[in-house]
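Novice: Sharing a model that was predicted from the sequence below.
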Amino acid sequence: MEKNGLEEELNKINKEPYKGVRDFYPEDMFVQNYIFDVMRKIVESFGYTEYSASILEPTSLYKAKSGQEIVNEQTYTFTDRGGREVTLRPEMTPTLARMVAKRKRDLVFPLRWYSIPNMFRYERPQKGRLREHWQLNVDIFGVKSIDADVEIISLAYILMKKFGAKDNDFEIRVNSRKILNSIFRNFLNLDEEEVKNLMKLIDRKEKIGKDDFEAELSIILGEKSDAFIKILKIKNILDFSSVLPKELVESEGVKDIQILINKLRDMGIKNVIFSPGLVRGFDYYTSTVFEIYDTNPNNNRAMFGGGRYDDLLDIFGEDKIPAIGFGMGDVTIRDFLETHKLLPNHKAKVCLYICTLTDEYISHANKIAIKLRENDLNVEVDLTSKKVSDQLSLANKKGIPFVVCVGENEVKTGKYKIKNMDTGEEKEIKFDQISNFISSIKTL
């Protein structure tokens with residue numbers, strides 16, 4: 001009875017993963033690794049070096065700078081057995097700032113670092129947003145000038161191009177927290193609490209719909225809401241002069257964004273637009289903020305973004321270090337690739353399958369496989385004892401491009417018939433020619 005009860009209990013265990021996370025089968029890992037490989041290749045070409053850290057952080061780190069709302073409503077936070085409050089990281093920037101602050105005097109600036117960690121957010125899973133995802137984080141510390149902003153945004157642009165995107169497939173939307181702060185305090189005359197509420201509302205604008213947004217906006221701004229809606233519709237920073245007072249039009253934030261857009265366009269990056277309603281959700285951004293936006297109507301959404309956070313080291317009692325960076329999530333970039341039909345086809349990494357005529361030749365097959373692997377070939381040996389036709393069928397289903405069968409004749413002569421599974425052609429060659437033969441075909 002007890003055994004049957006246990007079996008019944010085991011049969012009830014759900015085969016699905018935890019809500020909002022993913023299983024990665026080999027074909028999924030193929031795409032994931034492709035995405036990570038492109039990320040690494042591009043960021044390292046700019047001189048960025050990889051770092052990493054634990055997925056667990058003290059909750060106080062996020063309370064200090066990510067924002068109370070993120071900690072209270074969107075994190076996996078718990079008390080460990082030592083009574084410490086800890087959080088599964090919802091983002092990487094606070095961790096990075098902690099690491100830089102810890103070894104600030106030993107590090108060589110400017111500092112260009114990147115990582116591709118996994119993150120956790122406790123929120124409602126939906127298209128483009130899960131409870132766990134991986135994210136490329138790219139940051140530069142120690143450059144105050146707008147040229148660091150240009151480098152980071154151009155890197156994001158080149159990443160998109162490397163994934164196969166055309167310029168009209170996406171927009172680079174830019175804004176500055178300095179512009180927003182000037183509008184909020186000097187034009188709308190908002191107090192601290194009203195600024196916070198308005199920032200949260202703008203950040204939710206795309207999620208709640210036009211009518212709800214304008215209704216909530218009128219509660220915060222009253223009769224000034226119409227003027228603010230006009231500001232949000234501006235797409236060209238030069239048009240600010242028709243809406244805002246001269247002192248705001250000539251403010252530092254506006255000038256910085258003008259310079260940024262001009263420098264990017266001088267580099268040939270033309271799909272940059274000014275977006276005065278762009279705020280980004282985190283409290284720590286200080287000036288430039290940007291997002292990469294998919295223009296396809298089937299996936300019309302912000303994919304990733306970042307900004308400048310010059311004050312973040314304050315929470316560790318350290319002097320400020322200018323910094324800017326962005327995070328590109330694997331979920332949204334995969335959605336983009338799928339929408340634009342840019343996903344790579346799954347290919348087997350094994351290039352040679354060795355089948356055996358009978359079990360007695362498995363040992364020989366293993367010996368030659370070891371020698372071939374020493375020549376950087378990925379080789380799989382059949383251990384199934386199935387008929388040769390079934391072994392060939394298995395290799396074909398796995399997408400392995402070449403097959404060699406081992407039997408008495410191959411062991412005696414040292415010559416092997418290698419079959420190209422794509423063309424069906426066979427060629428008899430000596431063992432020491434197999435590696436070069438496969439390599440030559442792969443490079444064609």
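Specialist: Yep, that arrived. Numbers count the residues shown, from 1 in each chain.

Novice: Quick check: which element contains R112?
Specialist: strand 111-115 (DSSP states H and E).

Novice: Does anything pack onto that strand? Which helices or strands?
Specialist: helix 26-45, strand 49-50, helix 93-102, strand 132-141 (3 or more CB pairs under 8 Å, 6 or more residues apart in numbering; DSSP states H and E). C-beta: built from backbone N, CA, C; applies to glycine.

Novice: what is the orientation angle of the last one with helix 93-102?
Specialist: Here strand 132-141 points in a direction 40 degrees away from that of helix 93-102 (axes from the mean of the first three to the mean of the last three CA atoms, to 10 degrees).

Novice: other SSEs contacting the next helix or strand after strand 132-141?
Specialist: Next helix or strand after strand 132-141 toward the C-terminus (DSSP H and E): helix 146-162. Contact partners of helix 146-162 among helices and strands, from 3+ CB pairs under 8 Å, 6+ apart: helix 26-45, strand 132-141, strand 170-176, helix 252-266, strand 288-294, strand 301-308, strand 323-329.

Novice: which one of these lies closest to D432?
Specialist: helix 26-45 (31.4 Å; CB to CB).

Novice: May I have the closest one as PDB, with CA atoms only?
Specialist: Once non-C-alpha atoms are left out, helix 26-45 reads as follows in PDB (Å, rounded to 0.1, in the frame of the first residue of the first chain):
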ATOM      1  CA  PRO A  26      18.700  21.000 -27.300                       C
ATOM      2  CA  GLU A  27      17.000  23.000 -30.100                       C
ATOM      3  CA  ASP A  28      16.300  25.800 -27.600                       C
ATOM      4  CA  MET A  29      19.900  25.700 -26.300                       C
ATOM      5  CA  PHE A  30      21.100  26.000 -29.900                       C
ATOM      6  CA  VAL A  31      19.200  29.300 -30.300                       C
ATOM      7  CA  GLN A  32      20.200  30.500 -26.800                       C
ATOM      8  CA  ASN A  33      23.900  29.800 -27.500                       C
ATOM      9  CA  TYR A  34      23.700  31.500 -30.800                       C
ATOM     10  CA  ILE A  35      22.300  34.600 -29.100                       C
ATOM     11  CA  PHE A  36      25.000  34.600 -26.400                       C
ATOM     12  CA  ASP A  37      27.700  34.000 -29.000                       C
ATOM     13  CA  VAL A  38      26.700  37.000 -31.000                       C
ATOM     14  CA  MET A  39      26.500  39.100 -27.800                       C
ATOM     15  CA  ARG A  40      30.000  38.100 -26.700                       C
ATOM     16  CA  LYS A  41      31.500  38.600 -30.100                       C
ATOM     17  CA  ILE A  42      30.200  42.200 -30.500                       C
ATOM     18  CA  VAL A  43      30.900  43.500 -27.000                       C
ATOM     19  CA  GLU A  44      34.400  42.000 -26.900                       C
ATOM     20  CA  SER A  45      35.100  43.600 -30.200                       C
END
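
Novice: what's the spacing between it and its chain's center?
Specialist: Centroid separation between helix 26-45 and its chain, computed with CA atoms, centre = their mean, to the nearest Å, is 10 Å.

Novice: Tell me what angle that helix forms with strand 132-141.
Specialist: Using the same axes, to 10 degrees: helix 26-45 against strand 132-141 is 0 degrees.

Novice: which other residues reach the strand holding R112?
Specialist: Applying CB atoms under 8 Å, 6 or more residues apart in numbering, the external contacts of strand 111-115 come out as 39-40, 43-44, 46-53, 92, 96, 100, 136-142.
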